[in-house]
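# Provided below are the primary sequence and the corresponding predicted coordinates.
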Amino acid sequence: MGTDKALLPWPPQVSGQPQSCGTFLSEGIRTLAFSTDFVIVVAGANQRLLAPVVYACGAAIVANPDPARGQFSSLQLGVQEVLNRGRDAAILMLVDRPPAAHATVEALRKAFVAAPDHIWAVVPEFSGKHGHPLIAGRELMGAFLEAPANGNAREIEHEYQSHIQYVPVNDPFTAMNVNTPAEYSALIQTVT
């Protein structure tokens, strides 16, 4: 992408509207702040770049001391920090894509609270694709922590699929990946 994807401008500038200075990261923090007690961002080598945005949005940052271990090791650090703060559930969201709508996060939160005891997590589903953010309870967070650092969240989700509730949502951002400048440009075109 030529830049850290978490810092890509978001929402895009709409002609005739006041200029936005948000990013995927800042808007993701703001979205989560409505539905959570606190927001933790796990950073790697990009910690110095992300920290000003994280702190300006009222969130905390945790540094992955060995980001070369991969994204899953960052997930494990974040989950452990949530448990260290005495919480039994976490909303897990990637920051390298546009954040889900606040209404989507609230719908997922309500589904998680209302879910039967055998449900360990709720995952959004848009057009048959599973996405983010997901809400993980203590049991799924424990499964994430027991896996090797080079593990994969998707594999663990599939292993415990009988404990996952998929919630249909009308939010394309939940299932979207932005990996190239062309994909980002196409995304901008769809929302402006």
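In hand now; what should we look at?
# Quick one: low-confidence residue ranges for this protein.
Residue ranges of the chain with pLDDT under 70: 13-20.
# May I have the phi/psi pair for Ser74?
The phi/psi pair for Ser74 (degrees, to the nearest 10) reads phi -70, psi -40.
# quick one: contacts for Tyr55?
Contact analysis of Tyr55 by C-beta atoms under 8 Å, 6 or more residues apart in numbering lists Ile61. Yep, even glycine has a C-beta here, placed from its N, CA and C like the rest.
# wait, is it part of a helix?
Yes. Assessed with DSSP: H, G, I helix; E, B strand; the rest coil, Tyr55 lies in a helix.
# State the distance from it to Val122.
Using C-beta to C-beta, to the nearest Å, Tyr55 is found at 30 Å from Val122.
# ok, now Leu92?
11 Å.
# Please enumerate the shared neighbours of those two.
By C-beta under 8 Å, 6+ apart, Leu92 and Val122 have these common neighbours: Leu134, Ile135.
# These two - which one has more neighbours?
Higher neighbour count among Leu92 and Val122: Val122, with 26 against 21, using other C-beta atoms under 10 Å.
# chain center to the helix or strand where that one lies: distance?
Val122 belongs to strand 121-126 when assigned by DSSP states H and E. Distance of strand 121-126 from the chain centroid (C-alpha atoms, centre = their mean, to the nearest Å) equals 12 Å.
# And stretch 23-41, by the same measure?
Distance, stretch centre to chain centre, for stretch 23-41: 9 Å (C-alpha atoms, centre = their mean).
# Tell me which residues are up against the next helix or strand after the strand holding Val122.
Per DSSP H and E, the first helix or strand lying C-terminal to strand 121-126 is strand 129-130. The contact list for strand 129-130 (C-beta under 8 Å, 6+ apart) reads Val123, Pro124, Glu157, Tyr166, Ala175.
# Also stretch 93-102?
Residues contacting stretch 93-102 (C-beta under 8 Å, 6+ apart): 5-6, 10-11, 24-25, 27-28, 30-32, 34-35, 41, 124, 131-133, 169, 171, 173-174, 176-178, 187.
# Let's see that stretch as PDB, backbone CA atoms only.
What follows is stretch 93-102 as a C-alpha-only set of coordinates in PDB (Å, rounded to 0.1, in the frame of the first residue of the first chain):
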ATOM      1  CA  MET A  93     -11.500  -5.900  15.100                       C
ATOM      2  CA  LEU A  94      -8.800  -5.500  12.500                       C
ATOM      3  CA  VAL A  95      -7.700  -1.900  11.900                       C
ATOM      4  CA  ASP A  96      -6.400  -2.300   8.300                       C
ATOM      5  CA  ARG A  97      -9.800  -2.000   6.800                       C
ATOM      6  CA  PRO A  98     -12.900   0.300   7.100                       C
ATOM      7  CA  PRO A  99     -14.600  -0.300  10.400                       C
ATOM      8  CA  ALA A 100     -18.000  -1.800  10.700                       C
ATOM      9  CA  ALA A 101     -20.900   0.600  11.400                       C
ATOM     10  CA  HIS A 102     -21.800   1.400  15.000                       C
END
